[in-house]
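Student: here is a sequence together with a model predicted from it:
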Amino acid sequence: MTTRHRTVAATAAAGLVIAGGHLIGAGSAYADEVKPSVPPGTEPSASAPVAIDSNAPGLKIPQGGTLAPVKVLDIAEVVEDLGGEQRRQETNETVMMALQSEVLFPEDSAVFNAQAAARIQAIGNEVNQSKATRIRVFGFTDDQGSYEHGKELSKKRADAVHAELAKTVTNPSVVFDVRGYSEDYPIADNGTEEGRKKNRRVEITFPRGVGGG
């Protein structure tokens, strides 16, 4: 059984940067040691539909403030099974599959359990259908234990998923971006076991195929 909901529709939003503040640019796409300034996968994939004049008299900007760059928010549809073991998020541009670590690995391990390979192979088949040339495989943990241990474990789990995906993905020129983020970018409250379970996950992101639904 699955649950389904939509996040906010595509909207151009202009933020405010108060004098004395600063903006942080996105980190390198390939440097594991560089943490991006926004959670992975939330970068805008389209340009703003309209230009915004920062000098327009109707804008209520505090003295000393300036407009931050416009950000476009994609339409996103999220579907997850009843237990939250697998979560699918689609935007106009990408598909992201998030698998809870418990359905892939034993506790504190990066060795697949008996059911893991079949789950990864199913995602690999969809990657083939989308004709993807770039795939992101990101691992995450909860906030229990040390940050460094979580970073090592999340990277090893992402590596394991990458290795299994590579057996199924048929495009020889596909590029994999594989990272481990430890407890960074939680999607639920780490104060509860239910939330920590959702945060212990591996995400696989690839471009949405033409005509995909």
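Tutor: Noted; the coordinates are in hand. Because the structure is predicted, anything quoted here is derived from the model rather than measured. Residues are numbered from 1 along each chain as shown.

Student: CA atoms only: put the lengthiest helix in the chain into PDB for me.
Tutor: Secondary structure of the chain per DSSP state H: the longest helix is helix 147-168. The C-alpha trace of helix 147-168 is given here as PDB (Å, rounded to 0.1, in the frame of the first residue of the first chain):
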ATOM      1  CA  TYR A 147      29.600  12.000  12.700                       C
ATOM      2  CA  GLU A 148      32.700  10.400  11.300                       C
ATOM      3  CA  HIS A 149      31.400   6.900  11.700                       C
ATOM      4  CA  GLY A 150      28.200   7.900  10.100                       C
ATOM      5  CA  LYS A 151      30.100   9.400   7.200                       C
ATOM      6  CA  GLU A 152      32.100   6.200   6.600                       C
ATOM      7  CA  LEU A 153      29.000   4.000   6.900                       C
ATOM      8  CA  SER A 154      26.800   6.100   4.700                       C
ATOM      9  CA  LYS A 155      29.600   6.200   2.000                       C
ATOM     10  CA  LYS A 156      30.100   2.400   2.200                       C
ATOM     11  CA  ARG A 157      26.400   1.800   1.800                       C
ATOM     12  CA  ALA A 158      26.300   4.200  -1.200                       C
ATOM     13  CA  ASP A 159      29.200   2.300  -2.700                       C
ATOM     14  CA  ALA A 160      27.400  -1.000  -2.300                       C
ATOM     15  CA  VAL A 161      24.300   0.300  -4.000                       C
ATOM     16  CA  HIS A 162      26.400   1.800  -6.800                       C
ATOM     17  CA  ALA A 163      28.200  -1.500  -7.300                       C
ATOM     18  CA  GLU A 164      24.900  -3.400  -7.600                       C
ATOM     19  CA  LEU A 165      23.300  -0.700  -9.900                       C
ATOM     20  CA  ALA A 166      26.300  -0.900 -12.200                       C
ATOM     21  CA  LYS A 167      25.500  -4.600 -12.800                       C
ATOM     22  CA  THR A 168      22.100  -3.700 -14.200                       C
END
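
Student: strands paired with the helix or strand following it, and their directions?
Tutor: Once helix 147-168 ends, the next helix or strand along the chain (criterion: DSSP states H and E) is strand 175-180. Here strand 175-180 is paired, per DSSP bridges, with strand 134-140 (parallel).
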